[in-house]
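Visitor: pasting the structure only:
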């Protein structure tokens, strides 16, 4: 039998001490006189990051060379091998099956989930099956960790009390938990959590009988798993064993300690109060209960770390984290008990400014010799920003939490391929893939990107039909109407794509054929290797993906049996998100960036605790899709709130550094952020006795600010006459008078806004297609009854017609075209008016300028005159705009007609009517109406019909004389009260000069219709 200590050997290292250094110094003090005694010793630690921290601390504290004790993570899968001679003799009967590989487990569980859900008529796709499988794996692990038998689920007395969806979830879970052990038995394997439990139980049993010859110290372990606590209890009672806890709070009164819980049930009512699981000391209290030790049995560790905070800091932290029932104590605290000397707060407007300020503080810390600094945050996006800012000073401080494989370049390339297959070569997904930095990396990339940029331009606008055939149709030569430069671009890109698309034919096969998961993964691997010249598997990130992907391919036959290609991106993302990649090279020796798990047991001279907003620190616990909170409570599983308690313990431990800065941003994305409960507690307790840091926020606001700000003046470009156009379309004449700068940018500089890639069919699409339908109805159908509606329905059967457009706009347009057909028929019968020309171009010379225009429709009246008709899909221009000379299109088309510009009309033609026919909603609520901007005789606000062409001529000559044949500058926002599309606001740098006194500024009630650049494209030269 082994020698047992009469009382457990329990210690704590207070929060204000540097844990790793204090531990190393204490161990050296106890055993350093005999180097071999140190070498025979064993220290159990929570994880590999803690091992590195303690190893570095031993080096610092030794002052020279030493034989270190063995450092072992207590949760290691091969714990028996890591302990080595500490488990000798191995004993008899130890036969623990191997753990099932993680990837095999995920795949098999996903297959089982999909199968069971299908049996119960609740089918899910492969991506959702993988999500549920990962959550199921976590639930199984928790049952193992807490040593809860799954059969207890069937014995729960309150299943009928659950809501319907929880009852259904419980039934499925019970079936899965019955089938999973059978599958493990078939494979001859067990769950990793089960294997750890068996290894830990064996260690505890062996050490009770035959403890190691050297000392054993369990340090900084926060797990409350029964198997872990059994080992800790054994260690604490061995003659050479010690248990060292991190940041146990000895200053809490007995009443405050008891208020944490857990609580016994009331003997009469059976009611059991909920424990304070979110308290930082709750997990430690549960551990002590399971070890069988009381708080007053725990002694203070006898050594400090060398760069510790003052002892009063520990009491400050204790007071700040009191349970709510005892926070009234804050009012009675002495100033020293509530003043957090060495702790400062920093609040910034946005996460971007927060990251910049943190980077500056870390940079400042390096100005002091040997000073160390660390950022601790659960916000990985904030950590990435800080790391990027530090590169400004050539400081390499990579995030020690690593980067999810799904966010690395190799991972994003794989996911991009899956999205292309799932979305059937939709433009956004395809361009994302083709522009990926790993695609054609090397000498080919420049030429490749040149072609991809051309494809980008061609794919602007509504989405083409699905698949490679849809892309081929989009790249095919246009029949007419395309400018020479665009035609050449289309031909060049089409030739390149014809040679390139062979790489993607297997990818399209995944969507068409619906193959198995192993085949899908093999296809992705082959295409990724081909496109990247095998660069996807290069470097430390590529090797990590290669290893994981090999595991995926090996385990895929056991995975979901039915995988639709649409679910492939989600499935891959869930598998890649679970793997993190760490940089192989070391970062800066005095700067570190930690996640919460990595920060445990770490200490630095300056600790910056950032991202202190609710939802970030502490994070929002993810709900368990399998186990209802009430079921978890009855089974004895930790509540979701316990994760907040662990975050609180991390926060309290990090507050023990000599200097601490707390940081948060007032906004998160586009919405206000709520300060963390930890932040609010410190503010409520300390009040005015905590310092707000303002230097770093000031630095962040000024580091990139220019020494002198010289805003640009209001643009007034004045090109020489040779560069001013001598030919003009009537739609451009409107823009010339209304917004000369926009005319200058579009017509002289030839700059036009690009449509979005994969854009919904917008006003320009609607206008172009409606005009085409009406043109064909006249030219080919000769206005035959019913044909206009048929052509309209055919329009929405095209591949680029969005389903929402079909659902919402098609019924309105059908009503409008019925109205148009009825009006045409009525005009013919009643007035003797008939359509003579549609979509016809005319041209004249006016004031030395060649003026051209395309008339949507010209009708011959019974009087011999003509009516000019312009179709609109939105609201037509007002009579006021027409009279002011800002909407002259109808009048100028009348001028062209009267001057003989339309050859088919002949000369001596008089324009007697001018009408807008709109497919929008009229005053009566019906879709389709016509309105004229003029009327016979005119009025104070409306031009007379007989004067309209003369008015249009005068206004055109005035504008042309100023800006085309004259030398007037093209002043930006000359008429700010007119509706503006805002297309050139950035080009004119509007925000720099607007409101500085040299302009009244634009009204900026942007028009919702098509812009002149796009909607009037039929007339543009």
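Guide: Yep, it's here. On a predicted model such as this, the values are computed, not experimentally measured, just so you know.
Visitor: Only C-alpha atoms from now on, for both contacts and neighbour counts.
Guide: Fine.
Visitor: if I've got this straight, residue 570 is in a strand?
Guide: No. Using DSSP: H, G, I helix; E, B strand; the rest coil, the secondary structure at residue 570 is helix, not a strand.
Visitor: Do I have it right that it meets residue 129?
Guide: No. The criterion here is CA atoms under 8 Å, and residue 570 misses it with residue 129 at 10.1 Å.
Visitor: Between the two, tell me which one has more neighbours.
Guide: Remark: of residue 570 and residue 129, residue 129 carries more neighbours, 27 against 20, as counted by other CA atoms under 10 Å.
Visitor: I'd like the next helix or strand past the strand or helix carrying residue 642.
Guide: Per DSSP states H and E: residue 642 is located in helix 641-654. Counting by DSSP H and E, the element after helix 641-654 in chain order, helix or strand, is strand 659-665.
Visitor: thinking again about what came up before, helices or strands up against the helix holding residue 642?
Guide: helix 282-291, helix 596-599, strand 606-609 (3 or more CA pairs under 8 Å, 6 or more residues apart in numbering; DSSP states H and E).
Visitor: can you tell me which of the ones you listed comes nearest to residue 587?
Guide: Smallest distance to residue 587 across the helices and strands packed on helix 641-654 (CA to CA): 14.9 Å, for helix 596-599.
Visitor: what's in contact with the closest one?
Guide: By CA atoms under 8 Å, 6 or more residues apart in numbering, the surrounding residues in contact with helix 596-599 are 49-50, 376-378, 400-401, 647, 650.
Visitor: Out of those, name the ones that lie in strands.
Guide: Among those, the ones falling in strands (DSSP state E) are residue 376.
Visitor: Dump the contacts of helix 596-599 into TSV; add distance to residue 206 and neighbour count as well.
Guide: Below are the contacts of helix 596-599 laid out as TSV (distance: CA to CA, whole Å; neighbours: other CA atoms under 10 Å):
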residue	distance to residue 206	neighbour count
49	27	18
50	25	25
376	39	26
377	40	25
378	39	21
400	36	19
401	35	20
647	34	21
650	33	20
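Visitor: Distance to residue 140 for the contacts of helix 596-599 - can I get that in CSV?
Guide: Shown next, in CSV, are those (distance: CA to CA, whole Å):
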residue, distance to residue 140
49, 26
50, 27
376, 31
377, 29
378, 26
400, 29
401, 25
647, 23
650, 26
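Visitor: Residue 852 sits in which helix or strand?
Guide: strand 849-860.
Visitor: Strand partners (parallel or antiparallel) of the helix or strand just after that strand?
Guide: Of the helices and strands lying after strand 849-860 in sequence (DSSP H and E), the nearest is strand 866-872. Using DSSP bridges, the strands paired with strand 866-872 are strand 849-860 (antiparallel), strand 911-921 (parallel).
Visitor: quick one: buried residues of the first one?
Guide: Going back to what we said before, that points to strand 849-860. Neighbour counts over strand 849-860 (16 or more other CA atoms under 10 Å) mark 849, 851-860 as buried.
Visitor: Pipe the residues you listed into CSV and attach distance to residue 694 per row.
Guide: As requested, the buried residues of strand 849-860 are exported to CSV (distance: CA to CA, whole Å):
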residue, distance to residue 694
849, 63
851, 63
852, 64
853, 63
854, 64
855, 65
856, 65
857, 68
858, 71
859, 73
860, 77
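Visitor: In the residues you listed, find the pair that's most separated.
Guide: 849 and 860, at 28.0 Å, using CA to CA across these.
Visitor: Tell me the confidence at the most centrally placed residue in the chain?
Guide: The residue lying closest to the centre of the chain (CA atoms, centre = their mean) is residue 381, at 9.9 Å. With respect to pLDDT, residue 381 scores 91.
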